[in-house]
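Colleague: Fold the following.
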Amino acid sequence: MYFKKTLIFFVIFTHILSGCVTTGKNFGVFKVGPKPSSDYEGNENITEVSTHPKLEVIIPVFDPGLSDKAKNYKEEGIWPELRRAEANRFAYKLKLALEKTSVFGAIRVTPDETASGDLYILGKIEKSNGAEVEIDLKVVDISGKKWMDKSFDHEVADKFYKDPRNLSTQWGQSNKDPYDPVFDEAAEKIASLLKKRSSAELSDLQYISNLRFGANFVEDVFMQHLNVEDEKITLISKPSDNDPMLQRANAIRVREQMFVDSMQQNYASFSKKMDDSYWRWQEASLTEMKLKSDAERQALWKALAGVLLIGLSVAAAASGNSNNQYNAPDPVTTTAVVTGITGGALMLSESFKSAEEAKLHLNALNELGGSINLELSPKMVEFENETIQLTGNAQQQFAQWRAFLQTIFKQVSTPDVML
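Modeller: Got it, this is the predicted structure:
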C-alpha cells in the first residue's frame with residue numbers, strides 16, 4: 001500500500017513539473033514581449049514573410065457612362081450631375097476596398113490614367129439607380145498586359161434600409177453604403193489575380209514603371225531599355241542605379257507621388273461630404289424606382305382593360321342591332337354600350353394619370369441627382385524654389401502640375417554620363 005501511494009505521488013509530481021516546463025516554453029510569466037530562444041528550437045513551421053513586391057495601384061476617376069447625346073439621358077434613366085459625382089466616389093470606394101486586402105502598395109485615385117503607377121484599374125459605371133449598380137473594370141499593368149476585363153453588379157435588397165445595423169450611429173459614423181458589396185467583390189477578384197504573378201514579374205513591372213516615368217521627360221534616354229511590340233512593353237536592360245538622370249527622374253517621381261497623395265484627401269472629403277445625401281438618394285431612388293415600375297404596370301393594365309371594355313361594348317351594340325329587325329335602338333343594349341364606353345374611357349383616363357405619376361417620379365430623381373457637384377480649391381505648390389498656383393478641377397490641376405514638372409526637369413542640364 002505504501003509503495004502504491006508513493007508511485008501515485010511520483011506520477012503526479014512528474015506531471016506538475018512537466019506542466020511547469022511547458023508553461024515556460026509558452027512564455028509562462030512572459031505574457032508579452034519577445035519569445036525566449038528555446039521557443040524557436042525545433043520549430044520548422046514558422047510562417048515566412050511574403051517577399052512579393054507590392055505594386056502601386058492607380059485608379060483613375062471612373063468613366064461616368066454618359067451618352068454623347070444629352071437627349072438620351074432621360075431615355076436611359078441617367079442623371080449626368082449625379083453620375084459625374086459617382087465617378088469620383090466609386091473610384092474612392094474601390095480604393096478603400098483594395099486597401100482592405102493588404103496585398104498592394106500605395107493605392108491612389110487620380111484624375112486620369114496618366115499618373116505614374118504599376119497597376120491601373122479603369123472603371124466605368126454601367127448602371128446605378130439606387131436599386132442596382134453595375135461597374136465594368138479593366139485591369140492593365142504598366143507593361144500594357146491586360147489582367148482583367150470584367151463587370152460586377154449588385155442588387156440592393158429591399159430590407160437593407162430597414163436594418164438598424166446599416167444606419168448611422170450616435171457617434172457620427174456614416175451609414176453603411178448599400179453598394180459596398182460590389183466593390184468588395186471586385187477588390188477580392190483583383191487581389192486574387194496578383195497571386196498568379198511571380199515576384200520576378202512584379203519586380204520588372206516596378207522597374208518598367210520607373211523607366212516610363214523618366215521617358216515622360218527624356219524619351220530617348222529611357223526608352224532604349226524597353227522593347228515595345230504590339231502595345232506590350234518588356235524590359236531588355238537596366239541603367240546603372242547611380243546614373244544621375246535616373247536618380248533625377250526618381251526624385252521627381254517621389255514628388256509626384258506626394259502630390260497625388262495630397263489629392264487623396266480631396267477625394268476622401270468629397271466622398272464623405274456625399275455620404276448622407278447620397279445614402280438618402282439611394283434609399284429614395286430605390287423607392288421611386290419601385291413606385292415607377294408599379295405605376296407603369298398599373299397604367300398598362302388599366303389601358304388594356306379600358307380598350308377591351310370599349311371593344312366589348314361596341315361588339316355588344318353591333319350584335320344587338322343585328323338582332324333587332326326593326327332597327328330600333330334597344331334600351332338595354334344602349335345602356336350597356338354607354339356604360340361600357342364610359343367605363344373604358346375612365347380606365348384610359350386613369351391610365352394616363354398613372355403614366356403621368358411615373359413621369360413625376362422620374363423627374364424627382366432627376367432633381368435629386370442635379371444637387372450634387374464636385375469642386376476643388378486652388379492650391380499653391382513649391383518644388384526646388386519654384387512656386388506655381390494650380391486652379392480648376394482635379395484633372396486640370398494635375399495637368400498643370402505635370403507641365404510644372406517638365407519645366408523643372410528641363411532647367412537642369414543633361415548630365416555628361418548617359419544611361
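Colleague: Where does pLDDT dip in the chain?
Modeller: 1-33, 35-51, 71, 74-77, 168-174, 289-376, 412-419 (pLDDT under 70).
Colleague: how about the helices of it, start to end?
Modeller: Ranges of helices in the chain, per DSSP state H, are 2-25, 71-76, 80-99, 180-194, 199-215, 219-223, 244-323, 331-369, 394-411.
Colleague: Point out the other helices and strands that the shortest one packs with.
Modeller: The helices and strands touching helix 219-223, judged by 3 or more C-beta pairs under 8 Å, 6 or more residues apart in numbering; DSSP states H and E, are helix 199-215. Placement of C-beta: from N, CA and C, glycine included.
Colleague: Okay, buried residues for the helix it packs on please.
Modeller: 202, 204-215 (16 or more other C-beta atoms under 10 Å).
Colleague: May I have it exported as PDB, CA atoms only?
Modeller: Output of helix 199-215 as PDB, limited to C-alpha atoms (Å, rounded to 0.1, in the frame of the first residue of the first chain):
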ATOM      1  CA  SER A 199       8.000  38.000 -57.800                       C
ATOM      2  CA  ALA A 200      10.300  38.500 -60.800                       C
ATOM      3  CA  GLU A 201       7.400  39.700 -63.000                       C
ATOM      4  CA  LEU A 202       6.200  42.100 -60.400                       C
ATOM      5  CA  SER A 203       9.700  43.400 -59.800                       C
ATOM      6  CA  ASP A 204      10.100  44.000 -63.600                       C
ATOM      7  CA  LEU A 205       6.800  45.900 -63.600                       C
ATOM      8  CA  GLN A 206       8.100  48.300 -61.000                       C
ATOM      9  CA  TYR A 207      11.300  48.900 -63.000                       C
ATOM     10  CA  ILE A 208       9.300  49.500 -66.200                       C
ATOM     11  CA  SER A 209       7.200  52.000 -64.200                       C
ATOM     12  CA  ASN A 210      10.400  53.900 -63.300                       C
ATOM     13  CA  LEU A 211      11.700  54.000 -66.800                       C
ATOM     14  CA  ARG A 212       8.300  55.000 -68.300                       C
ATOM     15  CA  PHE A 213       8.100  57.900 -65.800                       C
ATOM     16  CA  GLY A 214      11.600  59.000 -66.900                       C
ATOM     17  CA  ALA A 215      10.600  58.700 -70.600                       C
END
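Colleague: contact partners of it?
Modeller: By C-beta atoms under 8 Å, 6 or more residues apart in numbering, the residues outside helix 199-215 that reach it are 51-53, 55-56, 116-119, 141-143, 194, 221-223, 225-226, 233, 235, 238-239, 245-246, 249-250, 252-253, 256.
Colleague: What's the ChimeraX syntax to select whichever of those residues are buried?
Modeller: Selection of the buried residues among the contacts of helix 199-215 in ChimeraX, burial being defined by 16+ other C-beta under 10 Å:
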select :53,55,56,116,117,118,119,141,142,143,194,221,222,225,226,233,239,245,246,249,252,253,256
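Colleague: would JSON lines of the buried residues of helix 199-215 with distance to Asp261 be doable?
Modeller: Converted to JSON lines, those look like this (distance: C-beta to C-beta, whole Å):
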{"residue": "Leu202", "distance to Asp261": "22"}
{"residue": "Asp204", "distance to Asp261": "25"}
{"residue": "Leu205", "distance to Asp261": "20"}
{"residue": "Gln206", "distance to Asp261": "18"}
{"residue": "Tyr207", "distance to Asp261": "22"}
{"residue": "Ile208", "distance to Asp261": "22"}
{"residue": "Ser209", "distance to Asp261": "16"}
{"residue": "Asn210", "distance to Asp261": "18"}
{"residue": "Leu211", "distance to Asp261": "22"}
{"residue": "Arg212", "distance to Asp261": "20"}
{"residue": "Phe213", "distance to Asp261": "16"}
{"residue": "Gly214", "distance to Asp261": "20"}
{"residue": "Ala215", "distance to Asp261": "23"}
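Colleague: Of those residues, just say which sits nearest to Ser102.
Modeller: The closest of those to Ser102 turns out to be Leu202 (C-beta to C-beta; 15.7 Å).
Colleague: Quickly note the distance from the closest one to Leu98.
Modeller: 16 Å (C-beta to C-beta, to the nearest Å).
Colleague: check contacts around Lys95.
Modeller: Contacts for Lys95 (C-beta under 8 Å, 6+ apart) come out as Val57, Ile59, Ile107, Arg108, Val109, Gln264, Tyr267.
Colleague: can you list the domains in this protein?
Modeller: With domains defined by automatic domain parsing, the chain comprises 2-40, 288-362.
Colleague: Looking only at stretch 111-124, what residues are buried by neighbour count?
Modeller: For stretch 111-124, the neighbour count (16+ other C-beta under 10 Å) marks Pro111, Ala115, Ser116, Gly117, Asp118, Leu119, Tyr120, Ile121, Leu122, Gly123, Lys124 as buried.
Colleague: Just to check, the fourth one is in contact with Ile58?
Modeller: To tie it back to what came earlier, the one meant is Gly117. Yes: between Gly117 and Ile58 a contact is recorded at 3.5 Å, counting by C-beta atoms under 8 Å.
Colleague: intersection of neighbour lists for the two?
Modeller: With C-beta under 8 Å, 6+ apart as the test, Gly117 and Ile58 both reach Arg108.
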